[in-house]
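K.L.:
What follows is a predicted structure for the sequence shown.
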Amino acid sequence: MDFVSIRVITADVARLTGFYERATGVSATRPTEDFSELRTPTATLAIASTRTVPLFAPDSARPADNRSVIIEFLVDDVDRAHRDLAEAGVEFVNEPTTMPWGNRSLLFRDPDGNLVNFFTPVTPEAKEKFAR
């Protein structure tokens, strides 16, 4: 089994897709106005409209209602990402912080309030774990 993507349900696909394109530098594909994907070499962030939810199971997902998942991106330099995001007016949850497990981490919220973590491995162990 391979983990390939996470899908975020939103009331505004264009707004949320634009946010993630700016934050990550990854261009999205948009097969319809109700769906987009930001593909990286290791996983995909899918963004889908509330209009897609009934196709799976009516009332099974609500936009801007997440308080348990953190969407994580490995970045080359979390401090530089912090400066870039600050210029874009992003709402930060914390400043870049080195975690006990060896990653320098930055938490912020996307326009729907979902938590996003940009992190950079900084200890030898963490660097080895995430070596590309």
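P.N.:
Looks like it arrived, so ask away. Not measured: the values here are computed from a predicted model.
K.L.:
Now tell me what touches the helix ranked longest in the chain from outside.
P.N.:
When the chain is parsed with DSSP state H, its longest helix is helix 13-24. With C-beta atoms under 8 Å, 6 or more residues apart in numbering as the test, helix 13-24 has contacts from 8, 10, 26-28, 30, 33-36, 38, 40, 45, 47-49, 73, 85, 88, 90, 110-112, 116, 118. Where C-beta positions appear, they are placed from N, C-alpha and C, glycine not excepted.
K.L.:
ok, now with 7 Å
P.N.:
With contacts defined as C-beta atoms under 7 Å, 6 or more residues apart in numbering, helix 13-24 is touched by 8, 10, 27-28, 30, 33-36, 38, 45, 47-49, 73, 85, 88, 110-112.
K.L.:
That one: which residues count as buried?
P.N.:
13, 16, 17, 19, 20, 23, 24 (16 or more other C-beta atoms under 10 Å).
K.L.:
Same question for stretch 69-85.
P.N.:
Buried-residue list, stretch 69-85, by 16+ other C-beta under 10 Å: 71, 72, 73, 75, 78, 81, 82, 84, 85.
K.L.:
From those, which land in strands?
P.N.:
By the criterion of DSSP state E, membership of the buried residues of stretch 69-85 in strands covers 71, 72, 73.
K.L.:
Format the residues you listed as TSV; extra columns: pLDDT and distance to residue 124.
P.N.:
As requested, these are arranged in TSV below (pLDDT from 0 to 100; distance: C-beta to C-beta, whole Å):
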residue	pLDDT	distance to residue 124
71	97	26
72	97	21
73	97	22
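K.L.:
got the residue ranges for the helices in this structure?
P.N.:
13-24, 53-56, 78-87, 124-129.
K.L.:
what's the spacing between stretch 31-44 and its chain's center?
P.N.:
Here stretch 31-44 shows a centroid-to-chain-centroid distance of 12 Å under the convention C-alpha atoms, centre = their mean, to the nearest Å.
K.L.:
go on, stretch 29-40?
P.N.:
14 Å.
K.L.:
Look up phi and psi at the closest residue to residue 64 other than its chain neighbours.
P.N.:
Ranked by C-beta to C-beta, 6 or more residues apart in numbering and with sequence neighbours excluded, the top spatial neighbour of residue 64 is residue 112, at 4.2 Å. The phi/psi pair for residue 112 (degrees, to the nearest 10) reads phi -90, psi 0.
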